[in-house]
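> For reference, the sequence and a predicted model appear below.
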Amino acid sequence: MLPYFTKYGDGYTDVNLLLFLCVFVGLSLLIAFFYYYFSKYYIENGNLIIRRDFLAKQITSIPLGKIHALRTNSGFLYRVLGVRGVSVDTLASKEQEVELILDEEDWEKLLMRIQVQEMPAAEFSADVITELPDEATTIRPDISNLIKDALCQNHLKGFAVLAGALSVVLGNLSDIDEETLETAVDYVGVQAQSILSSVALLVAGVIVLYLLIVLFWVGRILLRYGNMSVKIDESRLTVERGLISRYTTRFARNKVNALAVKQNPLEKAAGLDTVTLKQAENVSEEKEAGDLSFYGSDMSVDLLKWWLGPGFLTSAEEVSAKSGRGVMWRVIGANAVIAAALFVSLWLFDIHLLAGILSVSYLALSVARGYMAMSHSGISLLDGYIIIGSGYLAKVTTYLKYDDIEEVAVRHTPFTDITGRVSVILATSGERYLVRSLKKSEAEHVVNLILAKTSGDIAD
């Protein structure tokens with residue numbers, strides 16, 4: 001018999017499992033303690049320098065001007081201990097470059113030094129910090145608008161999470177003995193026809209499942225974005241959010257490369273919208289909070305003023321181009337294939353009525369989505385910025401600055417000679433934007449004007 005195991009039934013039970021867990025947790029905490037105890041940070045010559053001398057010496061130097069975002073996470077345990085995890089993000093990788101555990105006093109000192117970005121030869125310490133005048137405006141979004149906008153979102157995204165959970169459950173089916181599994185499969189086979197033929201039962205099941213997904217989605221948004229405060233000053237934005245765990249995201253205005261305002265029909269009826277600030281690709285959701293969203297926000301004008309300047313409302317439109325029917329037919333064609341597959345699949349199960357209802361309904365929805373996509377799609381060039389329209393059921397208005405454009409191109413299709421339509425591609429360090437089915441002459445005029453307004457180092 002193994003020394004740490006005792007015989008129990010057909011297997012072994014580890015009688016010292018609790019002891020092993022305690023040793024494992026204790027060693028983990030001890031390693032973490034030494035890891036952070038031997039870590040030091042300071043600011044020197046305009047760089048944030050982190051030294052780690054535990055086991056192997058490592059020195060990380062990050063120029064302050066290359067910091068795209070500072071993020072903090074104050075979970076329940078962190079809040080009890082009075083500390084927060086601080087992550088520094090640059091464009092070097094999709095992971096955070098460094099992560100520090102700081103108390104509130106050290107966090108405020110670090111934040112102040114990064115704000116002033118001065119005293120290049122001085123180490124980071126309290127005696128060299130001078131308070132800056134507080135000229136920031138603090139906005140606290142209404143939590144009732146957050147809840148209403150959470151109810152207005154596309155909750156189908158929650159089905160992906162549910163599918164992931166079900167995959168774990170299905171993965172455990174291998175532990176069930178063969179006889180039980182065969183009995184279950186036989187039962188489902190016998191009852192499948194009666195279950196699927198009951199349209200009312202199927203609809204009721206879908207409704208219940210959808211309501212559960214809605215509750216899950218609203219709860220998720222409340223936990224992540226509840227009790228939000230937005231501090232805006234001339235050059236930076238600081239957002240603190242979260243009901244239980246508190247998250248802080250801070251980034252400079254010149255690190256934002258796009259601002260998108262989304263409004264679906266439900267949001268429009270409720271007078272709400274969703275605003276997203278976008279950063280470079282390596283400062284993205286891979287790092288949890290690179291692209292920052294404001295649900296139920298009435299701050300779109302304030303954020304646009306902060307990012308584009310107070311005169312953005314009076315900027316004159318110089319040229320615009322609207323997408324044609326090619327956008328609509330593309331959406332309808334792609335979804336017609338799905339509708340046909342749905343119809344055939346249900347028809348093979350002899351569910352003729354449901355096959356017709358679902359496939360026709362899906363195709364009708366696709367026609368509506370295609371028409372709305374055509375209506376929303378287009379591009380406008382104003383005096384100081386670019387507006388790109390997109391979206392299917394929801395209208396998405398994306399604002400770009402000319403200086404953030406890194407690539408611009410015109411793409412032809414095999415049907416361009418017949419339709420006279422092309423696509424325009426704009427790329428920033430964060431995303432590529434495609435505007436389809438534009439008149440060739442209008443698209444070329446748009447591209448030439450963008451090239452004239454940029455510094456000239458754009459790839460055409």
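Arrived safely, thanks for sending. Numbering: from 1, shown residues only.

> Which strands or helices does the lengthiest helix in the chain pack on?
Secondary structure of the chain per DSSP state H: the longest helix is helix 199-225. Secondary structure elements in contact with helix 199-225, counted by 3 or more CB pairs under 8 Å, 6 or more residues apart in numbering; DSSP states H and E, are helix 143-151, helix 157-171, helix 178-197, helix 352-376. (Glycine included, C-beta is placed from N, CA and C.)

> buried sites along the helix or strand just after that helix?
Beyond helix 199-225 on the C-terminal side, the first helix or strand identified by DSSP states H and E is strand 229-232. Neighbour-count burial for strand 229-232, with 16 or more other CB atoms under 10 Å as criterion, is recorded at 230, 231, 232.

> need the contact list for the second one.
When contacts are counted by CB atoms under 8 Å, 6 or more residues apart in numbering, residue 231 is found next to 136, 137, 138, 139, 237, 238, 239, 240.

> Filter those residues down to the buried ones.
Buried residues within the contacts of residue 231, counting neighbours by 16+ other CB under 10 Å: 139, 237, 238, 239, 240.

> What is the nearest of these to residue 388?
Sorting these by distance to residue 388 puts residue 237 at the head of the list, at 21.9 Å, by CB to CB.

> Bridged to that closest one, which residues?
According to DSSP bridges, the residues that bridge with residue 237 are residue 232, residue 251.

> on that earlier part again, arrange the buried residues of strand 229-232 in CSV, one row each, with distance to residue 20 as further columns.
Listed next are the buried residues of strand 229-232 as CSV, based on distance: CB to CB, whole Å:
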residue, distance to residue 20
230, 47
231, 47
232, 51
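
> Give the residue spans of the stretch 1-150 of the chain that score low on pLDDT.
Counting by pLDDT under 70, the ranges of the stretch 1-150 of the chain that qualify are 1-16, 28, 31-38, 54-56, 76, 91-98, 115-136.

> Now do the helices in this structure.
With helices called from DSSP H, the chain shows them at 17-37, 76-81, 104-116, 143-151, 157-171, 178-197, 199-225, 265-270, 300-308, 325-348, 352-376, 416-419, 440-453.

> For residue 46, which of those helices is the nearest?
Of all the helices of the chain, it is helix 104-116 that lies closest to residue 46, at 10.6 Å by CB to CB.

> pull the CA atoms of the closest one into CSV?
Listed next in CSV are the C-alpha coordinates belonging to helix 104-116 (Å, rounded to 0.1, in the frame of the first residue of the first chain):
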residue,chain,number,x,y,z
GLU,A,104,-3.1,53.0,-1.8
GLU,A,105,-0.4,55.5,-0.8
ASP,A,106,2.2,54.0,-3.2
TRP,A,107,-0.4,53.8,-6.0
GLU,A,108,-1.2,57.5,-5.6
LYS,A,109,2.5,58.4,-5.7
LEU,A,110,3.1,56.3,-8.8
LEU,A,111,0.0,57.9,-10.5
MET,A,112,1.2,61.4,-9.6
ARG,A,113,4.7,60.8,-11.0
ILE,A,114,3.4,59.4,-14.2
GLN,A,115,1.2,62.4,-14.5
VAL,A,116,3.9,64.9,-14.1
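
> how about that helix: buried residues?
106, 107, 109, 110, 111, 112, 113, 114, 115.

> ok, now stretch 295-311?
Buried residues in stretch 295-311, counted by 16+ other CB under 10 Å: 295, 296, 297, 299, 300, 303, 304, 306, 307, 308.

> Tabulate those (JSON lines), appending distance to residue 219 and pLDDT.
As requested, the buried residues of stretch 295-311 are exported to JSON lines (distance: CB to CB, whole Å; pLDDT from 0 to 100):
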{"residue": "295", "distance to residue 219": "13", "pLDDT": "87"}
{"residue": "296", "distance to residue 219": "15", "pLDDT": "81"}
{"residue": "297", "distance to residue 219": "19", "pLDDT": "72"}
{"residue": "299", "distance to residue 219": "23", "pLDDT": "83"}
{"residue": "300", "distance to residue 219": "25", "pLDDT": "87"}
{"residue": "303", "distance to residue 219": "26", "pLDDT": "90"}
{"residue": "304", "distance to residue 219": "30", "pLDDT": "91"}
{"residue": "306", "distance to residue 219": "30", "pLDDT": "90"}
{"residue": "307", "distance to residue 219": "31", "pLDDT": "91"}
{"residue": "308", "distance to residue 219": "34", "pLDDT": "91"}
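
> Including distance to residue 154, could the residues you listed go into a markdown table?
Listed next are these as a markdown table, based on distance: CB to CB, whole Å:
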| residue | distance to residue 154 |
| --- | --- |
| 295 | 12 |
| 296 | 15 |
| 297 | 17 |
| 299 | 21 |
| 300 | 19 |
| 303 | 22 |
| 304 | 24 |
| 306 | 27 |
| 307 | 26 |
| 308 | 28 |
